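Undergrad: Mind looking at a prediction? Sequence and model below.
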Amino acid sequence: MSSEGNSERYRITMDALITSMKDLMPFLKDKKVFEVYVNPDHKIWVDSLGKGRVYTGKTIPPEKTKGIILSVAALTNQIVAPNRPVLDADIPKNPYFPKCRFEGNLPNVVPSPTLNIRKHPETIFTLEDYVKQGTLTETQYRVLIDGIRKKKNIIAAGGTKSGKTTFLNAILNEISKLDDRVIIIEDTPELQCTAKDCVQMRATAEFTMEDCLRQVLRMTPDRIVVGEVRSGEALALLDAWSTGHGGGCSTVHSNSAKDTLLRLENMTARVSRNPQQATIAQAINYIVYLKYTGNTRKVQEIIELLGYDSVTKKYSYRSLASPSHSPQTQIQTQIEKKQ
């Protein structure tokens, strides 16, 4: 088909999507809403700033939900079928609502069509904004600014909805003020960087995170940024960070700052028989743990890794800017590795 034909087909499909999404549109346009859900019972739920997750009191017919999923699949050149009833996609930019991350499921993996739409942030929060909101303390802010300028490698850790990616964007905002070449790797494009010298790479099923990280080392990076490490790519990132590429940042899903170390050990163990605790301690400087409580997010703890003792099998670290420790009384503490 000609490009003109493709353009016309795209327009028709986008119009069909907009029509199907009429019931969801008010929530997608609400700047406080960052996630919209449709469950198998057809109820529409939203997650928003200040209110958290709530049922809207609205429902959407299952045939409309299915139509939305099929339209998004067509717009992103994917196929949803009985043997492949799930869809993972980015809804392309359009004038009707902001760019969104889309997850759709059709029977038989679910009783009735379901979807999850996560809006990409339209506004980048700065670290100064986090201080004003109470997410960061003044002391934590100064620690992070100093770490960024000194090219410390930073992991933003936390559970679901803790705001790890948004926080990484705030760190990138500070990095962008410096004269560094930044290479960003993601499988889901969510990070925004205004650095003058920046390359953003997207991992795919065919060209993985590990492939991207190997390629990055040939691209003369000053700072290597990975949206999230979930598996064996953690080892490739740690190797890069520990061999002269400081000042990077990434996110890890974990339950505490200490648990982040164990999560990284588990991820590296998937691709290496040799224990990687020493590499973890060498590559990572700061772990920033964010926690979502009720409707608020806070930086609960920042720890600085100081090393790993292979004899005692313990990490050494110190707590920075912890609410329960003043900088003058911080002492070296140790984490015992879980057996």
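TA: Alright, I've got the coordinates.

Undergrad: Doesn't T65 lie inside a helix?
TA: Yes. Per DSSP: H, G, I helix; E, B strand; the rest coil, T65 lies within a helix segment.

Undergrad: And for it, the neighbour number?
TA: 27 (other C-beta atoms under 10 Å). In this view, the C-beta of every residue, glycine as well, is placed from N, C-alpha and C.

Undergrad: Quick check: can you list the domain ranges of this protein?
TA: 3-119, 127-336 (automatic domain parsing).

Undergrad: Could you single out the most deeply buried of the ones you listed?
TA: Of all those, domain 127-336 carries the top mean neighbour count, a mean of 18, counting by mean count of other C-beta atoms under 10 Å.

Undergrad: could you give me the average pLDDT of that one?
TA: The average of the pLDDT scores along domain 127-336 is 91.

Undergrad: Could you list which residues are in contact with S112?
TA: Shown in contact with S112 (C-beta atoms under 8 Å, 6 or more residues apart in numbering): P40, D41, H42, P62, T65.

Undergrad: Swap in 7 Å and give it another go.
TA: The neighbourhood of S112, defined by C-beta atoms under 7 Å, 6 or more residues apart in numbering, consists of P40, H42, P62.

Undergrad: ok, now how distant is it from S20?
TA: Distance, S112 to S20, using C-beta to C-beta, to the nearest Å: 15 Å.

Undergrad: cool, N274 as well?
TA: 52 Å.

Undergrad: cool, Q215 as well?
TA: Computed as C-beta to C-beta, the Q215 to S20 distance reads 39 Å.

Undergrad: Confirm V271 sits in a helix?
TA: No. V271: not assigned to a helix; according to three-state DSSP it is coil.

Undergrad: Setting the sequence-adjacent residues aside, check what's closest to it.
TA: Leaving out its chain neighbours, the residue that sits closest to V271 by C-beta to C-beta, 6 or more residues apart in numbering is G232, at 3.6 Å.

Undergrad: for F97, same thing?
TA: Distances taken as C-beta to C-beta, 6+ apart place L28 nearest to F97, at 4.1 Å, with adjacent residues excluded.

Undergrad: surely Y292 meets S162?
TA: Yes. Using C-beta atoms under 7 Å, Y292 is in contact with S162, at 4.6 Å.

Undergrad: Pretty sure E103 sits in a strand.
TA: Yes. If the criterion is three-state DSSP, then E103 is within a strand.

Undergrad: Pull the contacting residues for it.
TA: Contacts of E103 by C-beta under 7 Å, 6+ apart are L87, D88, L115, N116.

Undergrad: Apply 10 Å and report the result again.
TA: Y37, I69, V72, V86, L87, D88, A89, T114, L115, N116, I117, R118 (C-beta atoms under 10 Å, 6 or more residues apart in numbering).

Undergrad: all helices for the stretch 1-150 of the chain, in order.
TA: Ranges of helices within the stretch 1-150 of the chain are 3-20, 25-29, 62-75, 127-133, 138-149, based on DSSP state H, counting those that start in this stretch.

Undergrad: As a markdown table, the ones you listed with distance to M209 would be great.
TA: As requested, the helices of the stretch 1-150 of the chain are exported to a markdown table (distance: least, C-beta to C-beta, whole Å):
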| stretch | distance to M209 |
| --- | --- |
| helix 3-20 | 30 |
| helix 25-29 | 30 |
| helix 62-75 | 24 |
| helix 127-133 | 27 |
| helix 138-149 | 23 |
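
Undergrad: Can you tell me which of these is nearest to L238?
TA: helix 138-149 (17.6 Å; C-beta to C-beta).

Undergrad: Give me the packing partners of the closest one, helices and strands only.
TA: Counting contacts by 3 or more C-beta pairs under 10 Å, 6 or more residues apart in numbering; DSSP states H and E, helix 138-149 packs against helix 127-133, strand 154-158, helix 164-175, strand 286-293, strand 296-309, strand 314-320.
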